[in-house]
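Engineer: got a predicted model here, sequence first, then my questions.
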Amino acid sequence: MRKKIYTGAAALLLLATAAEAQHGINSIYSAYGIGDLETRDYSRNFGLGSTGIGRRNSGYLNELNPASYSALPTQNFMFDASLKGQYLTYSGSNISQTAADLNFKRLALGFKAARWWGIGAGVTPFSTVDYKLLNNKFITGTGNPITATTTGTGGLNRAYISNGFQLNEHFSVGVSTGFLFGPVNISQTVGSDSLATQHNQYTFKPNFTAGAQYVTKLSKDWQLGLGTTYRFETKMKLQQKLNIVNQDNTPYYTEQLAPGYFTLPAEFGGGISLTNNTITWVADYRRQQWNGLGNKGLNYYYQDGQRFSTGVEYAINKQYYNRPIEGLILQAGFSYNESPLVIKNTTIKDISGTLGLSLPSKTGQLRYYVGLEAGQRGTTANGLIKENYVNAVFNFSLRDIWFLKRLNQ
């Protein structure tokens with residue numbers, strides 16, 4: 001049985017690796033700053049509108065609040081991986097296009113180090129750069145336009161180690177140590193010129209998020225959960241290099257440029273959950289404090305961003321050898337995101353609805369999850385682009401007995 005489980009996990013990892021090669025979203029909103037910042041959570045929280053700051057559940061790895069790791073079950077090892085498929089339509093002035101993509105979104109594991117201490121670790125995308133722009137330029141003295149093509153690729157990833165500590169029956173705290181790393185590459189060609197100018201940037205910077213949770217019984221069946229998180233401000237140093245290359249990517253000229261800097265703001269969040277282990281309601285609020293950081297460029301700047309989300313989950317519980325386990329899980333959620341990115345004095349808004357379905361294997365060791373999201377981002381006003389999208393997330397999670405030795409306090 002375990003051989004089959006681990007073979008399935010390895011197959012999913014191979015699929016995730018192959019998915020990394022399939023890019024093609026071409027979103028103009030990824031052309032600013034360090035790219036399109038990720039706001040979704042690709043765990044079981046996805047179908048709830050990526051909501052879960054106040055939720056304390058032992059059945060999955062909840063990176064939205066590191067304090068939740070103290071709820072992981074003892075003597076268990078947990079592993080999960082997620083893929084995301086996306087289909088978009090773009091509309092704007094004289095623009096009507098479609099795009100599709102498949103990408104790896106999450107690889108995570110977790111276990112209980114002591115009865116009061118849970119640990120999680122993983123890697124997930126933090127931002128995405130994926131665009132291609134065409135515009136006309138004029139050669140001095142000719143008056144004839146030629147087409148300049150600008151392509152952006154890359155983005156930052158976040159690798160993390162999170163620790164959650166249960167202080168008493170009601171309170172838990174946690175801290176997530178993240179490492180932001182990755183390239184932001186911009187390439188430009190002009191007309192039929194065989195040479196391309198590349199502006200490549202790379203960064204590696206630690207980032208920290210603290211969290212706390214409080215849970216209490218409201219009645220015999222119902223439990224209230226409250227949570228809060230705070231991500232600390234981080235100033236990132238971007239190493240920069242200028243390359244001029246030919247069509248075979250052979251360099252003709254290379255220059256190491258002075259480093260650039262980008263400040264990632266502090267973010268605070270709060271969440272609430274209400275559950276009787278069959279029905280669960282959750283709601284979150286997150287706010288990014290961009291005001292005053294001075295991150296801006298031609299026709300764009302950053303202001304404080306905020307995100308509201310909520311969701312409802314229905315779980316059918318069953319017994320396995322006198323041990324309760326979750327069976328079928330159904331979810332519905334909603335999110336409203338005001339992006340910190342402002343282009344041509346226009347705030348970029350993202351509104352979506354989500355659904356989620358999760359099924360366990362016969363033993364409960366494996367769980368399969370599918371989440372769907374449909375939404376709209378942006379506007380056609382002021383010459384901007386509106387994106388209508390459908391996202392599908394597949395998550396595979398494994399829960400197995402790892403430590404046979406009895407854990408003591």
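Structural biologist: Yep, it's here.
Engineer: in the stretch 301-409 of the chain, where is pLDDT below threshold?
Structural biologist: Along the stretch 301-409 of the chain, segments meeting pLDDT under 70 span 319-324, 402-409.
Engineer: try 80
Structural biologist: The model of the stretch 301-409 of the chain has pLDDT under 80 over residues 318-325, 362-364, 401-409.
Engineer: kindly report the same for the chain.
Structural biologist: Scanning the chain for pLDDT under 80 picks out 1-25, 135-146, 191-194, 318-325, 362-364, 401-409.
Engineer: residues touching the closest residue to Leu218 other than its chain neighbours, list them.
Structural biologist: Closest residue in space to Leu218, ignoring its immediate chain neighbours: Leu224 at 5.3 Å, by Cβ to Cβ, 6 or more residues apart in numbering. Glycine gets a C-beta too; all of them are placed from N, C-alpha and C. With contact taken as Cβ atoms under 8 Å, 6 or more residues apart in numbering, Leu224 is in contact with 215-218, 272-274.
Engineer: switch to 10 Å and redo it
Structural biologist: Going by Cβ atoms under 10 Å, 6 or more residues apart in numbering, Leu224 touches 54, 214-218, 272-275.
Engineer: now, those that are in strands?
Structural biologist: 214-217, 272-275 (DSSP state E).
Engineer: of the contacts of Leu224, just the buried ones, PyMOL syntax please.
Structural biologist: Buried subset of these, written as a PyMOL selection, criterion 16 or more other Cβ atoms under 10 Å:
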select buried, resi 54+215+272+273+274+275
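Engineer: quick revisit: hmm, which two among the ones in strands among the contacts of Leu224 are most spread apart?
Structural biologist: Greatest spatial distance among those (Cβ to Cβ): Lys217 and Ile272, at 15.2 Å.
Engineer: what segments of this structure are helices?
Structural biologist: Taking DSSP state H as the criterion, the chain contains helices spanning 2-19.
Engineer: hmm, back to that, closest one of the ones in strands among the contacts of Leu224 to Arg40?
Structural biologist: Ser273 (18.4 Å).
Engineer: run through the bridge partners of the closest one.
Structural biologist: Here Ser273 sits in beta bridges with Gly225, Val282, going by DSSP bridges.
Engineer: please name the residues that touch it.
Structural biologist: So Ser273 contacts 48, 51-57, 213, 215, 223-227, 280-284, 311, 313 (Cβ under 10 Å, 6+ apart).
Engineer: could you write me a ChimeraX select line covering just the buried ones among those residues?
Structural biologist: Command for ChimeraX, covering only those of these found buried under the criterion 16+ other Cβ under 10 Å:
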select :48,51,52,53,54,55,56,57,213,215,223,225,226,227,280,282,283,284,311,313
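Engineer: how near is the closest residue to Leu398 other than its chain neighbours to Glu38?
Structural biologist: Excluding the flanking residues, the one nearest Leu398 by Cβ to Cβ, 6+ apart is Phe79, at 4.5 Å. Applying Cβ to Cβ, to the nearest Å, the value for Phe79 to Glu38 is 21 Å.
Engineer: same deal with Arg55?
Structural biologist: 20 Å.
Engineer: check Glu267 too.
Structural biologist: Glu267 sits 12 Å away from Glu38, going by Cβ to Cβ.
Engineer: correct me, but His170 touches Ala67?
Structural biologist: No: His170 lies out of contact with Ala67 (Cβ atoms under 10 Å); the separation is 11.8 Å.
Engineer: neighbour-wise, which of these two wins?
Structural biologist: Taking other Cβ atoms under 10 Å, His170 and Ala67 do not tie; Ala67 has more neighbours (30 against 12).
Engineer: what sits closest to Ala100 if chain neighbours are left out?
Structural biologist: Closest to Ala100 by Cβ to Cβ, 6+ apart is Tyr87, at 4.9 Å.
Engineer: quick one, what contacts the closest residue to Pro206 other than its chain neighbours?
Structural biologist: Distance criterion Cβ to Cβ, 6+ apart; nearest residue to Pro206, sequence neighbours excluded, is Phe179 at 5.7 Å. By Cβ under 10 Å, 6+ apart, Phe179 lies in contact with 123, 126, 157-161, 204-207.
Engineer: what does Gln86 give?
Structural biologist: The contact partners of Gln86, by Cβ under 10 Å, 6+ apart, come to 24-25, 99-103, 373, 389-393.
Engineer: at 6 Å what do you get?
Structural biologist: Under the criterion of Cβ atoms under 6 Å, 6 or more residues apart in numbering, the neighbours of Gln86 are 101, 391.
Engineer: quick one: it from Glu373, how far?
Structural biologist: Gln86 is 9 Å from Glu373, by Cβ to Cβ.
Engineer: list residues touching both of those two?
Structural biologist: The contact lists of Gln86 and Glu373 share Asn391, where a contact means Cβ under 6 Å, 6+ apart.
Engineer: count of residues packed around the closest residue in space to Gly174 that isn't next to it in sequence?
Structural biologist: Nearest residue to Gly174, sequence neighbours excluded (Cβ to Cβ, 6+ apart): Pro66, at 3.2 Å. If you count neighbours by other Cβ under 10 Å, Pro66 ends up with 30.
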